[in-house]
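K.L.:
can you look at this prediction? I've put the sequence above it.
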Amino acid sequence: GKSGYDHYMLKEIYEQPRAMRECLRGRPRPFEESVSIEELDDVPRPTEVHFVACGTSYHASLYAARLFRERGVRATAFLASEYNVDTLPIDMGTLVVGVTQSGETADTLRALRTANSVGATTLAVTNVVGSSASRETDHTMYIRAGPEIGVAATKTFASQQVALAMLSSALTGDCSREFVESLRALPDQIQSILDDSRAEEIAEEYVHSDAYFFIGRDYGAPVALEGALKMKEISYKHAEGFAAGELKHGPLALVTEKTPMFALVSGRSNTERMLGNIKEVEARGAPVVAVTDDPDLVGHHADHVLSVPETHWRFFPILANVQLQLVSYWVANRLGRSIDKPRNLAKSVTVE
Ligand code: F6R
């Protein structure tokens, strides 16, 4: 049941600390300063990684591809529905990773079958034991988030991000004490966000907006996309996410005093450039909500702050996303939407 929550989605948002602890269990090795994923012990270091996924899982894949690239491995995230082996170089060193919570998404399964057919090594990163994705690939890594009932992916996205961060470390051998310690701190940090988020009052203030925009840079850009997807899916309101640098190449034309801008601003990377983007938006009269790990620095540039604890700079978006989930939930709740079963959507999409 919903254990006292009004919706499965809210319950699952609050389950994230526990889900993440399960995902982490036994994998980060603080004494060795390494990450080990037992079921992948015999997977060699790939020369290249292709991620194939849809929707929220695609956003996790964008995040993951960047982590691999930073560790010197060529990596690309593909929308599974667009993955076409005719146009892609796959050699024997390429690892094709299907990121799929359900393990049953038709487009992702098709992409994995394509990869299998040309002899690539395939890996499923999934939540469901025995799912089609796990049966049809060479290797499987479980995210161990527990069952997710709400159609909107929440705890599974958080666990995918953490699982893929660990994967990038385990397969490349690139790790540090800070990386391991920061991973292990994430569940408690998410708990502290859940314990005193101001998301509900901010949602209340902006519930009658024309549209909602989300911006971030580098590791924050995929989470800006995810923030918008969640908002449109459950509130049925217009929402878009952008890499912040794209604002002035078009989207800025949509910005008005009725379009709040949610900006992911870490005090530890790209801070000045993000503050510059905030100024561009404010000059057009739009309200700005900064999601930040540095409220003292960022706070006076924004109308509101949703703060998150400090972490390894690569993990800032994992924490920031929790605030965005809550904002979407409370906007949709206030509008009386069918949050756990939004119109026209299904939990797993088994047709192409
Ligand atoms: C959004 C959402 C969908 C799924 C997508 C892929 O909240 O849930 O975008 O992420 O349908 O599903 P999986 O991960 O099961 O392949």
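P.N.:
Thanks, I have it.
K.L.:
residue of the stretch 1-150 of the chain closest to the ligand, please.
P.N.:
In the stretch 1-150 of the chain, the residue that lies nearest the ligand is Gly55 (1.9 Å; Cβ to the nearest ligand atom). In this view, the C-beta of every residue, glycine as well, is placed from N, C-alpha and C.
K.L.:
so that residue makes contact with Ala152?
P.N.:
No - judged on Cβ atoms under 8 Å, Gly55 makes no contact with Ala152 at a distance of 9.9 Å.
K.L.:
got a pLDDT number for the most centrally placed residue in the chain?
P.N.:
Centroid-nearest residue in the chain: Ala60, 4.4 Å away (criterion: Cα atoms, centre = their mean). We have a pLDDT of 98 for Ala60.
K.L.:
before we move on, back to that, how much space between the closest residue to the residue of the stretch 1-150 of the chain closest to the ligand other than its chain neighbours and the ligand?
P.N.:
Distance criterion Cβ to Cβ, 6 or more residues apart in numbering; nearest residue to Gly55, sequence neighbours excluded, is Leu229 at 6.8 Å. Distance of Leu229 to the ligand, given as Cβ to the nearest ligand atom, to the nearest Å: 6 Å.
K.L.:
give me every residue in the protein lying close to the ligand.
P.N.:
For the chain, the contact set with the ligand under Cβ under 6 Å from any ligand atom comprises 54-57, 100-102, 105, 108, 152-153, 229, 233, 348-349.
K.L.:
can you pull the phi/psi pair for Leu79?
P.N.:
Per-residue torsions, Leu79: phi -70, psi 130 (degrees, to the nearest 10).
K.L.:
list the contacts of it.
P.N.:
By Cβ atoms under 8 Å, 6 or more residues apart in numbering, the residues touching Leu79 are 52-54, 58, 107.
K.L.:
repeat that with 10 Å
P.N.:
By Cβ atoms under 10 Å, 6 or more residues apart in numbering, the contact list for Leu79 reads 51-55, 58, 61, 107-108, 111.
K.L.:
secondary structure class for the residue lying closest to Gln160 once chain neighbours are set aside?
P.N.:
Distance criterion Cβ to Cβ, 6+ apart; nearest residue to Gln160, sequence neighbours excluded, is Ala60 at 3.9 Å. Classification of Ala60 using DSSP: H, G, I helix; E, B strand; the rest coil returns helix.
K.L.:
any idea how far Asp42 is from Ala60?
P.N.:
24 Å (Cβ to Cβ, to the nearest Å).
K.L.:
just Gln325 next, same as before
P.N.:
36 Å.
K.L.:
so the two - more neighbours on which side?
P.N.:
A count of neighbours by other Cβ atoms under 10 Å puts Gln325 above the other of Gln325 and Asp42, at 30 against 7.
K.L.:
hang on, isn't the more buried one packed against Ala203?
P.N.:
No - with contact defined as Cβ atoms under 10 Å, Gln325 does not reach Ala203; the gap is 11.2 Å.
K.L.:
before we move on, back to that, quick one: which of the contacts of Leu79 is nearest Leu167?
P.N.:
Phe51 (10.3 Å; Cβ to Cβ).
K.L.:
that closest one and Ser57 touch, don't they?
P.N.:
Yes - with contact defined as Cβ under 10 Å, Phe51 reaches Ser57; the gap is 8.8 Å.
K.L.:
list residues touching both of the two?
P.N.:
Counting by Cβ under 10 Å, 6+ apart, the contacts common to Phe51 and Ser57 are 77, 80, 98-99, 125.
K.L.:
out of the residues you listed, which is most surrounded?
P.N.:
Highest neighbour count within the shared contacts of Phe51 and Ser57, by other Cβ under 10 Å: Gly98, with 32 neighbours.
K.L.:
helix or strand: which one has it?
P.N.:
For Gly98, the host element (DSSP states H and E) is strand 94-100.
K.L.:
so after that strand, what's the next helix or strand?
P.N.:
helix 106-117.
K.L.:
what's next to the helix or strand bottoming out on mean pLDDT in the chain, contact-wise?
P.N.:
Across the helices and strands of the chain, mean confidence by mean pLDDT, DSSP states H and E is lowest for helix 295-298: a mean of 92. With contact meaning Cβ under 10 Å, 6+ apart, helix 295-298 is reached by 263, 265-267, 271, 274-275, 278, 288, 290-292, 302, 305-308.
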